[in-house]
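[1] Generate a structure from the sequence data that follows.
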Amino acid sequence: MSTDDGAYDLVVLGGGPAGLAAAVEAASRGRSVALVEASGAGGLGGSDLHRSSIPSAVLHQASEVQETAARAADFGVGVPPVRIDRSLVRTRTAALVDERRGELVEQLLGLGAELVAGRGRLLEGRTVEVTEASGVLRRLAGAAVLVATGSTPAVPEGLEPDGVLIAHAEELLSMELVEAAGDGAGGPPVVVVGGGETGCEAASALAHLGAAVTVVESGADVLAGWDRDLVKVLTRTLARRGVQFRTGARAIGHRPSASGTSVLLEDGSELDTALVVLAAGRRPAGDPVGDGAGVAFDPAGFVRVDPWMRTGVPGVFAAGDVTGGIQLAGVSRLAGELVGRQLTDQPVVPTRPELVPRQLHTHPELASVGLTEEAARAAGMDVVTVTDHFAANGRARILGQTEGLAKVVAERDGPVVGVHLAGPAVAEQIGQGGLAVRWEALPGEVAYFVQPHPSLSETYGEALFVLAGRGLHLASS
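    Here you go, the predicted structure:
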């Protein structure tokens, strides 16, 4: 059975950051909007809210608090031994996610948009077919359609998740399987397959829970695309927590045993483990585009778009993880807003993902915006760099967190092109770097924005002063 609905100004497939941003932008300016989400109201926010960034940040914060409490005597405070209560962390995660999801539903419906529960698929002529849970088919016509159905974790052949021995990192970070990961020092071994952002976040969280972690990465380095000096800080710190890194190694399967399983590597070696955590990239979620829609895909199955998120089919856009590239919630949101602004006749500027700050929920934190030194040189730029360390920062010493650095990359006699931070609370500091890079500011122009004292941001400020020829080295005073 199928029903045909009237036409909308915009039909959005997917309720993650990209789809929500476009829907809110269009609906807030009086356009008729239908947002199709497979899980209905329960799925708004996408994987970022339900399985990725928010759950990861909650676990990261819990481990931060645990570590601070464990060092309480260093601050002159006496407390009994502490440990993470994982059931309470799960409860807190669920409450925060549910609260935010409710806010998103209220915002969307309050703007007059329609929320359609079901799996949507784009057909020819900007028609979206929605299969509801009851099996009823609805057809929605849109003057414009946005495909924003996101991505899902990739599954390496031979390492299919079973919920017991093998799990996606998303499941771990949402606290579904964390009990299997360790319980204090001397916990069981865990193998993380994939040394990218998700893999390193998982490794850091697991190490804090006491697991003996080995990260298996098929590439030459972990965290490809991140500044190498930041990566060295993180891997050095994780190594002190017992995390081992096997780069240039590809996992090709596993062999279960009575005590767990053995991960089989391409070179013939094996790693005995109690749990395998998959963090081996992502692929497009579902099958949101029909053959007759005319939309083109790249070899990996991601939708091809131009800088304005246009697919080449008139009135059909795609944004967010479904287009591949840098898969960050901030990038997805900007892309969705770009689509919404185009449809409401507002001025638009193509999205530049490299100008969106990114962070890692690791110990220590990493944050970055703009070009790395390596990327800038590969692009033919003549750059200079300055690195200043948190070891000389008074606030970092007060906190007892002196591991890390601030690195600023600038064109010689030119603007700041990249800012890269590793250390305490750097995600709260990277916004300053984002302003400098986006405004193409000269080091001397931003160096004289006075940093509060004592503060962690003085380390970034000192690096700018050095680039401007006025290094004062007052951060430790």
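[2] Return the residues in contact with P256.
    Shown in contact with P256 (Cβ atoms under 8 Å, 6 or more residues apart in numbering): L165. The C-beta positions use only the backbone N, C-alpha and C, and glycine is treated the same way.
[3] my read is it is in a strand, agree?
    Yes. The assignment for P256 is a strand, going by DSSP: H, G, I helix; E, B strand; the rest coil.
[4] Going forward, count from 47.
    Done: numbering now begins at 47, and the last item shifts to P302.
[5] That one bridge partners, please.
    Applying DSSP bridges to P302 gives these bridge partners: T307.
[6] in the stretch 397-523 of the chain, which ranges drop under the pLDDT threshold?
    Where the stretch 397-523 of the chain drops to pLDDT under 70, the residues are 517-523.
[7] which residues of it fall in strands?
    Along the stretch 397-523 of the chain, counting by DSSP state E, counting those that start in this stretch, strands occupy 404-406, 411-416, 429-435, 451-457, 462-469.
[8] which of these is buried the deepest?
    Of these, the one with the most neighbours on average (mean count of other Cβ atoms under 10 Å) is strand 462-469, at a mean of 28.
[9] name the helices or strands packed onto it?
    Secondary-structure packing of strand 462-469 (3 or more Cβ pairs under 8 Å, 6 or more residues apart in numbering; DSSP states H and E): helix 274-286, strand 411-416, helix 419-424, strand 451-457, helix 476-484, helix 504-513.
[10] in the next helix or strand after the first one, what counts as buried?
    Right, helix 274-286. The helix or strand immediately downstream of helix 274-286 is strand 290-293, counting by DSSP states H and E. Residues of strand 290-293 classed as buried by neighbour count (16 or more other Cβ atoms under 10 Å): 291-292.
[11] now stretch 307-316
    For stretch 307-316, by 16+ other Cβ under 10 Å, it's 307-311.
[12] Turn the residues you listed into TSV, columns for distance to V454.
    Shown next, in TSV, are the buried residues of stretch 307-316 (distance: Cβ to Cβ, whole Å):
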residue	distance to V454
T307	45
S308	45
V309	40
L310	44
L311	39
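[13] Next, format the residues you listed as CSV and append pLDDT.
    Output for the buried residues of stretch 307-316, formatted as CSV (pLDDT from 0 to 100):
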residue, pLDDT
T307, 93
S308, 94
V309, 95
L310, 95
L311, 95
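[14] residues contacting the nearest residue to Q447 once chain neighbours are set aside?
    Spatial nearest neighbour of Q447, chain neighbours left out: P470 (4.0 Å); criterion: Cβ to Cβ, 6 or more residues apart in numbering. P470 makes contact with 410-411, 436, 442, 445, 447, 450, 502, according to Cβ under 8 Å, 6+ apart.
[15] Distance of P470 relative to T283?
    Relative to T283, P470 is positioned 12 Å away (Cβ to Cβ, to the nearest Å).
[16] Now do the shared contacts for those two.
    Common neighbours of P470 and T283 (Cβ under 8 Å, 6+ apart) are P410.
[17] now the helices and strands packed on strand 462-469 in a markdown table, with distance to V237?
    Below are the helices and strands packed on strand 462-469 laid out as a markdown table (distance: least, Cβ to Cβ, whole Å):
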| stretch | distance to V237 |
| --- | --- |
| helix 274-286 | 15 |
| strand 411-416 | 22 |
| helix 419-424 | 29 |
| strand 451-457 | 30 |
| helix 476-484 | 31 |
| helix 504-513 | 35 |
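[18] Tell me which of these lies nearest to V362.
    helix 476-484 (29.5 Å; Cβ to Cβ).
[19] need the strands for the stretch 47-196 of the chain, in chain order.
    Going by DSSP E, counting those that start in this stretch, the stretch 47-196 of the chain shows strands at 48-59, 79-83, 160-163, 165-169, 173-177, 183-193.
[20] which of these sits most buried?
    For these, the highest mean count by mean count of other Cβ under 10 Å goes to strand 79-83, at a mean of 28.
[21] tell me what it is packed against?
    strand 48-59, helix 63-73, strand 160-163, strand 183-193.
[22] Would you mind giving the ones you listed as JSON lines with distance to E383 and mean pLDDT added?
    Formatted as JSON lines, the helices and strands packed on strand 79-83 follow (distance: least, Cβ to Cβ, whole Å; pLDDT from 0 to 100):
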{"stretch": "strand 48-59", "distance to E383": "13", "mean pLDDT": "78"}
{"stretch": "helix 63-73", "distance to E383": "5", "mean pLDDT": "95"}
{"stretch": "strand 160-163", "distance to E383": "19", "mean pLDDT": "94"}
{"stretch": "strand 183-193", "distance to E383": "11", "mean pLDDT": "94"}
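[23] Quick one, which of the ones you listed gets closest to R516.
    Of all the helices and strands packed on strand 79-83, helix 63-73 comes closest under Cβ to Cβ, at 40.2 Å.
[24] With only the CA atoms kept, save the closest one in CSV.
    Extracted in CSV, the C-alpha atoms of helix 63-73 (Å, rounded to 0.1, in the frame of the first residue of the first chain):
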residue,chain,number,x,y,z
PRO,A,63,23.9,17.0,11.9
ALA,A,64,23.8,17.7,8.1
GLY,A,65,20.1,16.9,7.7
LEU,A,66,19.0,18.7,10.8
ALA,A,67,21.0,21.8,9.9
ALA,A,68,19.4,22.0,6.5
ALA,A,69,15.9,21.3,7.8
VAL,A,70,16.2,24.0,10.6
GLU,A,71,17.7,26.5,8.2
ALA,A,72,14.9,26.1,5.6
ALA,A,73,12.0,25.7,8.1
